[in-house]
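S.K.: Sharing a sequence plus its predicted fold:
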Amino acid sequence: MKRFFRAMPLSTILVLVFFCLLIVLGLSADILAPYDFRETDILARLQPPVFAGGSWDHILGTDEIGRDVFSRILYALRTSLLIAAAGTLIGAVVGTLLGFVAAHFRGPLEQIIMAAVDFQAAVPFIILVLFFMAVAGSGMWIFLLLVGLAGWEVYARLTRGMVLSAREQNYVVALQGLELSQRTIYLRHILPNIASALIVQLTLNFPATVLLETGLSFLGLGVQPPNTSLGLMLGDGRDYLLNAWWIAVFPGLVIFTTTLSMSILGDWLRDRIDPLSQSK
Amino acid sequence: MRARALLARGLRMVATLLVVAIAVFFMVRLSGDPVTILAGPDADPLYIERMRVRWGLDRPLYEQLLAFFGGALRGEFGYSMKIGIPASELFLERLPATLLLGFCSLALSILVGLPLGIAAALKHNSALDRFVMSLSVMAFSMPNFFLGVLFILLFSLQLRWLPSYGSGSLAHLVMPVLTLGLSSAGAIARFTRSCMLDVLNQPYMLAARARGIRPQRRTFLHALPNASIPLVTILGLRLGDLIAGAIIVETVFAWPGVGRLLAESVANRDLAVVQVIVLATAATMVLANLAVDLLYGWLDPRVRKS
Amino acid sequence: MTLLNRMVMISAAVLAMAAPAVAQDDRPSITIGVQALPAGFAPSMNISNVGQRVNYSIFDELVRRAYWEGEKGDGAELAPSLATEWRNVSDNEWEVDIRTDVTFHDGTPMTAEDVAFSFSEERVFGEDRIVAVGPTYFGNFVDVEAVDEDTVRFTTAAPDPIFPYRFTTTMGKVVPKDYYLEVGLEQFNLEPIGTGPYKLAEFRPGELIRLESYDDYWGGLPPAREITFVEIPEQSARITGLMTGELDFITDVSPDQKDILAQSDSVQLMPAMIDNSRIIVFNTFEPPMDDPYLRRAMSYAADRQAVVEALWGGDSQVLPELTFPAHGEIFKERKAAEYDPEEAQRLLEMSDYNGEELILRIHNGYYTNFLEVSQVLQQMWREAGINVTIELFDNGSTSFDGTWHMRSWSNGMQMPDITHPLVNVWGDTSVRTVPDDYRHTWTPPERLYELQDLLNTTIDREERLDYFREALDLVEQEAPQMELFQNVDYFGVRQGINWKPYSFFMMDLGPNNLSFE
């Protein structure tokens, strides 16, 4: 394990530290935030950040109804991270499972699963979201589930493809010759080999999930007020770019740095884990 | 592909479209009463009743479904309840704008992403590599509506170079295509780079180098064709993203396309229009995936044999 | 010279002589950037704000409300329009004289027949009427007849104190009988023909609406050659378009953008206080909201005035319940409930409220700034011990399902008379009071219906005002609703354009209100 991390270039270590910092900030929103994220102060609306003419009361300024931008960013970060993490995991677990099932059983079950994959890829996601949210309400759990389901087909396809090709590999044939159970073969031998690809997919998917949430919030389908997310703050703030830029710019910076660090880490992980693509 | 595989695939495509049609039919109907939405919160009950009858929404669901399929076979896809013209007419009126936007964006993303990805892979771990990767992540991680608004404020308001809304000239096309295409370009650059890296590290590339084949020949005749195989598969994904992105980009730039029409029709529960657009989109995606798979098979001789 | 050349020369000469017959048209063409376009033009199908904004230029009302006489575009007197005079000839009969020099956009003259048809049993008040919502405006009509070529006689069921005001609404617009019946309402909605200063030239749904000047307009030559309404959903794009000069007008500017527009000297910001108020409607059937003490307490517990001032400056105000400035003196007489925490506590103690969660449902994105205001109010209510949760809904009837206690709504004053919005929103045909309507929120006491009937049939002004006062007292006691703020629309207008916004949804772009420097 130590060897693993010792090989990290300095820049990547910095990125990792930064990313962990973001996670810590998000998770400790309750403790760190100077104000409740819903607290309004109508007389202190549209205050600039402290370094642009504002006061230390609101270091990153206030929004159109006087809510503290810094506090809101902490809560929004937490919400967005939770959604992205849970969503990505749900998609990965469901997709990988179904991919395994498809590759193992073949036949009609595989056809059904692949047809579901086709369906998912063919229908604009906005419709699915709208339907589910209209029927099941606009609660956070529904939204999490939907975000997770947005990406499962990638994992399913990937897993199925890799399991199929892995089964052709010599080592699996040899293992089967040893009469190990299928489950053992899958869990102990095949899964670790494809895990790297899956993990990479995970880290690449994470930023996509953040962006999905952002886009849905723009269309009014995402996190609902008074809850807040990075995407919602960005969407609300875009009308104020000319006179209160801080409302949108800070969430935008957070989105950007989060996805950037995730991508850099994902790249590094890919370079390390995938034996075929060692960096020189 | 052999005839039997092709037939099976064809059946699967038709089945997918059928399922999509039925699913969307039910989804939109069950997610809110279109008549009360269109009529507004203060609408007269008699007006609502009349609208319901006019659009056949008072009939049982299975009857409506049959009517829909019957009409579809004749080429009639119902009427837009909001405007009162045939849904297909509305769709076809707005389609060219989206096709133009989509095609140009896809072209831009390939023309920009592909060379950058190749260059980054060739100069792996150099400053160029890092720079290209950072740029592409930047493009990829910027929410497109935000980028769009920034472009408008910069290029229209500040610089007065480009018009701020609508379509109609080449100048109108620039910002929407940039917004939609750049994030895709970023994704393509990243993926190209990783595909190329995978290929460049293969033993046969080392062998080619040992044989003294020049770098350009190595890159373009040996590496790139092999890298393009997985690359082609993500083009299908890119198309899906473009369609989804078009919904937002068209709204921001008041681009008169199908994406914006879809968003509005979903909000209004304008059933027939939603159905037409979703069916068309599904058909496009299914065909695109087929094309990709065929291309994949043609490019990779190993798959062709299987 | 060859024969061909000679013929060309002669043709050119002929054309050159014909040219001056076509007047040099140097009137400007203007472009208006709007947030949303209507889906049609028929007055009865486009009563919304986006509809009235456009079809005011295509049709004329029989009688106009003289908005232009008010400094803020809020004049409330009546002005002749297609009708030149109206007389109450007997208790239940009116005679209206109409202009004889008016033509429709297709050139056919407007006759008394057209006017009579526009307000006929067949179209608006009969059992099998074409326009479903007709009775809300003309429900008391019994007969309408063209007695000669420039007079129409109306017979009402009872004495009608507001007869001429009925025609100042969007339903007062006159339509061409033959064409209307020939193409049917749905087609008329897409291809309208009216008497107004502009006629429809092009309609691309969701994209643009282009109107052309109707040069033979009876009210004078229209000031613009062409008007194009363009749909631009994104506010930043609209504002940018105005500042770069691509657009001449923009609508739906939110109040926070004021200072951005103020920075440029090529544009001006024009506020219009609209005769429409945003309100909260209480679901009086859902406990604990069935307790009028709780409902009344909520008005005193939140400082609505401070919120309105902070968000709109002096451009908006909190209205007394159901009373608008255009109602005249009585508006100054009534007062909106002021912020009074002690009174709120007193009322809360008299109620049975025990801190239960109250759900406020807000239509997402429908009313600008409503959500912001509600969030601020929510905090104020919390301080008073009233526990409010905000739920956003997207669309549709499901928003009335389940448990909810309050919801966002609006009241519009369709006619400048004290009966509006009262009889529209809390009358016996209102969707909020009809027992089996899914939007039913309150059952008014019988006395309120009685008072409304009296208001509708009493001619004496002072008597009416007394009935109105009693009705308002009743509403304030029972508190089925709570006023939040008067709607303000902000327009961005290019400098060099002289135009006044009116205190309702329309944009008057005709010769009386629009000119260019």
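M.R.: That came through fine.
S.K.: what residues are up against the closest residue to chain A within the stretch 201-350 of chain C?
M.R.: In the stretch 201-350 of chain C, the residue that lies nearest chain A is C:Ala310 (4.3 Å; Cβ to the nearest Cβ). Heads up, the C-betas are built off the backbone N, CA and C, glycines and all. Residues near C:Ala310 by Cβ atoms under 8 Å, 6 or more residues apart in numbering or on different chains: A:Ile42, A:Leu43, A:Arg45.
S.K.: Repeat that for B:Gly102.
M.R.: B:Leu180, B:Leu239, B:Leu242, B:Ile243, B:Ala246.
S.K.: is chain C contacted by stretch A:56-63?
M.R.: No. Stretch A:56-63 lies out of reach of chain C by Cβ under 8 Å from any Cβ of the partner chain, never closer than 9.3 Å.
S.K.: For that stretch, which outside residues touch it?
M.R.: So stretch A:56-63 is in contact with A:41, A:44-50, A:52, A:54, A:68-70, A:72-73, A:236-237, A:240, A:244, A:246-247, A:250, going by Cβ under 8 Å, 6+ apart.
S.K.: still on that earlier bit, ok, and the most crowded of the contacts of B:Gly102?
M.R.: With neighbours taken as other Cβ atoms under 10 Å in any protein chain shown, the top of the contacts of B:Gly102 is B:Leu180, carrying 30 neighbours.
S.K.: What's the separation between that residue and B:Thr98?
M.R.: For B:Leu180, the distance to B:Thr98 equals 10 Å [Cβ to Cβ, to the nearest Å].
S.K.: Now do the helices in the stretch 151-280 of chain A.
M.R.: Listed in chain order, the helices of the stretch 151-280 of chain A (DSSP state H, counting those that start in this stretch) span A:152-168, A:170-177, A:182-184, A:191-218, A:230-237, A:246-273.
S.K.: I should have written the stretch 51-200 of chain B there, sorry.
M.R.: Ranges of helices within the stretch 51-200 of chain B are B:61-74, B:87-122, B:127-141, B:144-151, B:170-200, based on DSSP H, counting those that start in this stretch.
S.K.: Next, the angle helix B:87-122 makes with the first one.
M.R.: Think helix B:61-74. Interaxial angle, helix B:61-74 versus helix B:87-122 (axes from the mean of the first three to the mean of the last three Cα atoms, to 10 degrees): 80 degrees.
S.K.: Please pull out the lowest mean pLDDT helix or strand from chain A.
M.R.: helix A:2-6 (a mean of 61; mean pLDDT, DSSP states H and E).
S.K.: In CSV, could you pull the C-alpha coordinates for the following helix or strand past that helix?
M.R.: Next helix or strand after helix A:2-6 toward the C-terminus (DSSP states H and E): helix A:10-27. Output of helix A:10-27 as CSV, limited to C-alpha atoms (Å, rounded to 0.1, in the frame of the first residue of the first chain):
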residue,chain,number,x,y,z
LEU,A,10,3.9,15.7,-5.9
SER,A,11,1.3,17.4,-8.0
THR,A,12,-1.0,14.5,-7.7
ILE,A,13,-0.5,14.3,-3.9
LEU,A,14,-1.5,18.0,-3.7
VAL,A,15,-4.6,17.2,-5.7
LEU,A,16,-5.5,14.3,-3.4
VAL,A,17,-5.0,16.5,-0.4
PHE,A,18,-7.2,19.2,-1.9
PHE,A,19,-9.9,16.7,-2.7
CYS,A,20,-9.9,15.3,0.8
LEU,A,21,-10.1,18.8,2.1
LEU,A,22,-13.2,19.4,0.0
ILE,A,23,-14.8,16.3,1.4
VAL,A,24,-14.0,17.3,4.9
LEU,A,25,-15.4,20.8,4.3
GLY,A,26,-18.6,19.3,2.9
LEU,A,27,-19.1,16.8,5.6
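S.K.: If you count contacts, what does helix A:10-27 end up packed against?
M.R.: Packing partners of helix A:10-27 (3 or more Cβ pairs under 8 Å, 6 or more residues apart in numbering or on different chains; DSSP states H and E): helix A:69-105, helix A:246-273.
S.K.: Kindly reformat the ones you listed as JSON lines containing distance to chain C and mean pLDDT.
M.R.: Compiled in JSON lines, those are given as follows (distance: least, Cβ to the nearest Cβ, whole Å; pLDDT from 0 to 100):
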{"stretch": "helix A:69-105", "distance to chain C": "12", "mean pLDDT": "87"}
{"stretch": "helix A:246-273", "distance to chain C": "10", "mean pLDDT": "83"}
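S.K.: a markdown table for those, including mean neighbour count and distance to C:Asp114?
M.R.: Shown next, in a markdown table, are the helices and strands packed on helix A:10-27 (neighbours: other Cβ atoms under 10 Å in any protein chain shown; distance: least, Cβ to Cβ, whole Å):
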| stretch | mean neighbour count | distance to C:Asp114 |
| --- | --- | --- |
| helix A:69-105 | 22 | 59 |
| helix A:246-273 | 21 | 54 |
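S.K.: Check chain C for its longest helix and report it.
M.R.: Using DSSP state H, we find that the single longest helix of chain C is helix C:461-478.
S.K.: What residues of that one count as buried?
M.R.: By neighbour count on 16 or more other Cβ atoms under 10 Å in any protein chain shown, the buried set for helix C:461-478 is C:Arg464, C:Leu465, C:Tyr467, C:Phe468, C:Glu470, C:Ala471, C:Leu472, C:Leu474, C:Val475, C:Glu476, C:Glu478.
S.K.: Between these, which sits nearest chain B?
M.R.: Set against chain B, the nearest of the buried residues of helix C:461-478 by Cβ to the nearest Cβ is C:Val475 (18.2 Å).
S.K.: That closest one reaches C:Thr323, doesn't it?
M.R.: No. Counting by Cβ atoms under 8 Å, C:Val475 stays clear of C:Thr323, with 10.1 Å between them.
S.K.: Below-threshold pLDDT in the stretch 301-450 of chain C: ranges please.
M.R.: Scanning the stretch 301-450 of chain C for pLDDT under 70 picks out C:395-397.
S.K.: Write out the residues of the stretch 301-450 of chain C neighbouring chain A.
M.R.: C:306-307, C:310-311, C:364-365, C:371-372, C:375-376, C:378-379, C:390, C:392, C:394, C:396, C:398.
S.K.: List buried residues within those.
M.R.: Buried, going by 16+ other Cβ under 10 Å: C:307, C:310-311, C:364, C:371-372, C:375-376, C:378-379, C:390, C:392, C:394, C:396, C:398, out of those.
S.K.: Need the three-state assignment for the residue of the stretch 201-350 of chain C closest to chain A.
M.R.: Counting by DSSP: H, G, I helix; E, B strand; the rest coil, the backbone at C:Ala310 sits in helix.
S.K.: Check the spacing between it and A:His58 real quick.
M.R.: Distance from C:Ala310 to A:His58, by Cβ to Cβ: 16 Å.
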